[in-house]
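Enquirer: Just the structure for this:
(2 chains)
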2 protein chains.
Amino acid sequence: MQNIEDTDYLKQFAQRVRTLREAQKISQEKLAERAGLHRTYIGMVERLERNPSLVCIHKIANGLGVHVTELF
Amino acid sequence: MQNIEDTDYLKQFAQRVRTLREAQKISQEKLAERAGLHRTYIGMVERLERNPSLVCIHKIANGLGVHVTELF
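Expert: Below is the predicted model of the structure:
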């Protein structure tokens, strides 16, 4: 069960991923492919349907070509 | 199935948490309590037995009193 605080973390992360992805004009599927993740995964993260793991967070950063700290 | 790269991310994070925790001279159980996590969780993270989620990463940062980017 997630509380409000948890959801804020997910929302902040989702917005950060979307902002960086849209700045590069790539689709959710394209980012997932670059990150080596399932093609629907980025969409689920951006819709707050996933609480991504440490490894997935690093893969998303790699897919965006940014240092992982830029996602926080 | 984690590959070598995945394990490197876990190792790097585990070492960072341990370094910050030991600098504050607090036990794994004490940090877990401060973070609002199960008392064995920090031990499992430090032994690479857990791939912590985004929310847990934020909770660990809060428990250490550092900004989440300091864990990367």
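Enquirer: My read is that A:Pro52 contacts A:Ile60, right?
Expert: Yes - applying Cβ atoms under 8 Å, one finds A:Pro52 in contact with A:Ile60, separated by 7.0 Å. For every residue, glycine as well, the C-beta is placed using N, CA and C.
Enquirer: Is the top helix by length along chain A in proximity to chain B?
Expert: Ordering each helix of chain A by length in residues (DSSP state H) puts helix A:4-23 first. Yes - contact of helix A:4-23 with chain B (Cβ under 8 Å from any Cβ of the partner chain) involves A:6, A:9-10, A:13.
Enquirer: Tell me who's in contact with A:Val68.
Expert: Residues near A:Val68 by Cβ atoms under 8 Å, 6 or more residues apart in numbering or on different chains: A:57-58, A:61, B:72.
Enquirer: okay, now the closest residue in space to it that isn't next to it in sequence: neighbour count?
Expert: The shortest distance from A:Val68 to any non-neighbouring residue, by Cβ to Cβ, 6 or more residues apart in numbering or on different chains, is to A:Ala61 (4.1 Å). By other Cβ atoms under 10 Å in any protein chain shown, the residues close to A:Ala61 number 20.
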